[in-house]
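**Student:** Give me coordinates for this.
(chains A and B)
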Amino acid sequence: MNEIFDIKRLGRLIKYEATNYIPNFFKSLLIFASVIAAVWIFSLTVESAVCPHSRDALVGTLFILAIVLSPFIVYKDMNDRKKGYIYAMIPASTLEKLLSMIVLCVVIVPILAYAVLTATDLLLWLLSKVGIGAFMHMEFYNPFTTVKLVGDEYLQPYIYPVFDSIIYLVNLIVYSIMFNTIFRKNKVLKTILFNIAMSFAFVILTAVIVNMTTPEFWEDTFKGLVEWLDGKTDVELFGYVMTTVRCLTILMSMAFLSITYFRIKKVNY
Amino acid sequence: MITIRDLSFAYSSEKVLDSITTTFEQGRVYGLLGANGVGKSTLFKLLCGLLTAKEGSIDIDGYSPADRKPGFLSKMFYIPEDFEGPAVSIKSYAAGISAFYPNYDEQQLRSLLNDFEIDINRKFTTLSLGQRKRAILCIALSMNTEYLLLDEPTNGLDIPSKLEFRKMVARTMDENRTIIISTHQVKDVENLLDHIMILDKRAVLLDKSVADIQDEYLFETGNAVPDDALFVEAGLGGCSSIRKNVNGEESRINIELLFNYINSKK
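**Tutor:** So this is what the prediction gives:
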């Protein structure tokens, strides 16, 4: 028996987790869908139509909220001292458990969330028949989206907008997955508080560093970089910035997943 | 076979298990007895890999439980005292989890559930504590794992269910399986046990087979207290006593009495 990875065992694990854990998330998804319905009803009481852009923003926001919260819902009990033993004792390796978590939270749950939320919007539009346009615009996911730099020309194509959206979303989900495995109780609240604390710490640290240094120090330190960037066009600069952000995002995701792996492996019950 | 060597464990500063060495052989039903807080559940969690030993080692067929390797986990099934169960039906849970246990027998599950009068389509969340325990016991037994750890399995069971539980364990027991039962309700499992282990906070007070205990001690109940009694307990039906079995007589073991005797000696 391969104790680290077996594709059949992974398949069985995904099937088991999808059957046992997704129903929990589906209930939460119905709450999100009811929010859309409530907004529609409220909008139709004050106006004769629901603006597609508002619908787009609402569905987009709820979608992101749903997928960011999904690890906390789907794998709620995985490290609970009493209930978590069921998860820990599933005969699968740590790697398989991590991969299954990724498949569920990064692939299955977003597809399910997108389908339920857009279907809700479509259903409401069909029922009310007062929507403008046939269907809401999902600008966020439109692969032909262009980005305009202030005062500059359109960048066409804005480098891989779909790819960028996906890696940022995956990063957010993986971040939630990590905190779901770190905290045992009040996971969402603790994650929010941790982020607030980290933001404060970052601001304070930055302030301290800025106060301790002079502008000349920064000019000297990054002199080479500034000179190198000097000859570049806005389009090139934008490209470099985006590539750097992309690389950092992917690295962060890998780091979050590594922490999650060791947390799954070592967590005691 | 489970081999434990110099196993120690502590929660923060409180030491629960201290340098325990013992073995659990295949084909036997072990009774793990001890007062509250002596570390019975902790020992179970260590055997399952849910906790990591601070000192010492556990070897289960070449596996270290703390590694939680799939090969090890597929040999082991553990039912904690307060089993809650997932928010799905018994059928769905069993179908999902059975994919990881090669010796799972669905017919056996249906038969066991039938004996306990539990509908396989019921959700765990709609069952009472006793029903949930019965359901998970049926699932555990039908997985036919080599090691089965039951923490207070008869807690929450009514009298007919306790009888059914004993029958089930006896029926599903075979030479390749090791069952370890931790319980305070010794009467519920008295006839099932092949081996008794009594744990104290920091030591194993007794670790002997039922046959060896019967060879060593004589358990009697009567109005008169034997002169050579090692331990006596007065009850409504007379006095229960333990004395050395010097003549090789046969007697039915009284685990509760034995437990109280062993504890009185420490």
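
**Student:** Could you pick out the residues of chain A near chain B for me?
**Tutor:** A:1, A:3, A:6, A:9, A:12, A:15-16, A:19-20, A:23-24, A:82-83, A:85-86, A:88-94, A:96, A:265-266, A:268-269 (CB under 8 Å from any CB of the partner chain). C-betas here are computed from N, CA, C, even on glycine.

**Student:** B:Tyr63: neighbour count?
**Tutor:** By the measure other CB atoms under 10 Å in any protein chain shown, the count of residues near B:Tyr63 is 18.

**Student:** And it, how far from chain A?
**Tutor:** As judged by CB to the nearest CB, to the nearest Å, B:Tyr63 and chain A stand 9 Å apart.

**Student:** Can you name the residues that contact that residue?
**Tutor:** Residues counted as contacts of B:Tyr63 (CB atoms under 8 Å, 6 or more residues apart in numbering or on different chains) are B:Lys69, B:Gly71, B:Phe72, B:Lys75.

**Student:** and if you look at A:Leu29?
**Tutor:** A:Ala66, A:Leu112, A:Ala113, A:Val116, A:Leu117.

**Student:** you'd agree it is in a helix?
**Tutor:** Yes: membership of A:Leu29 in a helix is supported by DSSP: H, G, I helix; E, B strand; the rest coil.

**Student:** pLDDT score assigned to it?
**Tutor:** Looking at A:Leu29, its pLDDT stands at 95.

**Student:** A:Leu225 now?
**Tutor:** Note for A:Leu225: predicted pLDDT of 83.

**Student:** Secondary structure element holding it?
**Tutor:** helix A:223-230 (DSSP states H and E).

**Student:** Could I get the CA-only coordinates of that helix as PDB?
**Tutor:** Only the C-alpha atoms of helix A:223-230 are listed here, as PDB (Å, rounded to 0.1, in the frame of the first residue of the first chain):
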ATOM      1  CA  LYS A 223      19.000  53.200  -6.800                       C
ATOM      2  CA  GLY A 224      19.600  50.300  -9.200                       C
ATOM      3  CA  LEU A 225      16.000  49.400  -9.400                       C
ATOM      4  CA  VAL A 226      14.800  53.000  -9.900                       C
ATOM      5  CA  GLU A 227      17.400  53.500 -12.800                       C
ATOM      6  CA  TRP A 228      16.300  50.200 -14.300                       C
ATOM      7  CA  LEU A 229      12.600  51.200 -14.200                       C
ATOM      8  CA  ASP A 230      13.300  54.700 -15.500                       C
END
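
**Student:** between the contacts of A:Leu29, which is closest to chain B?
**Tutor:** A:Leu112 (17.1 Å; CB to the nearest CB).

**Student:** And for the closest one, the neighbour number?
**Tutor:** By other CB under 10 Å, 19 other residues sit near A:Leu112.

**Student:** Which elements pack onto the helix or strand where it lies?
**Tutor:** Remark: A:Leu112 resides in helix A:109-128, with elements defined by DSSP H and E. Applying 3 or more CB pairs under 8 Å, 6 or more residues apart in numbering or on different chains; DSSP states H and E, one finds that helix A:109-128 contacts helix A:7-46, helix A:52-74.

**Student:** residue furthest from the geometric center of the chain?
**Tutor:** Answering for chain A, as no chain was given. Note on chain A: the largest C-alpha distance from the chain mean falls to A:Glu216, namely 38.8 Å (CA atoms, centre = their mean).

**Student:** was after chain B, sorry
**Tutor:** Max distance from the centre of chain B (CA atoms, centre = their mean): B:Asp227, 34.6 Å.

**Student:** what sits against that one?
**Tutor:** Contacts of B:Asp227 (CB under 8 Å, 6+ apart): none.

**Student:** which SS class is it?
**Tutor:** B:Asp227 - assigned by three-state DSSP - is coil.

**Student:** what separates it from B:Lys265, distance-wise?
**Tutor:** The spacing between B:Asp227 and B:Lys265, counted by CB to CB, to the nearest Å, is 19 Å.
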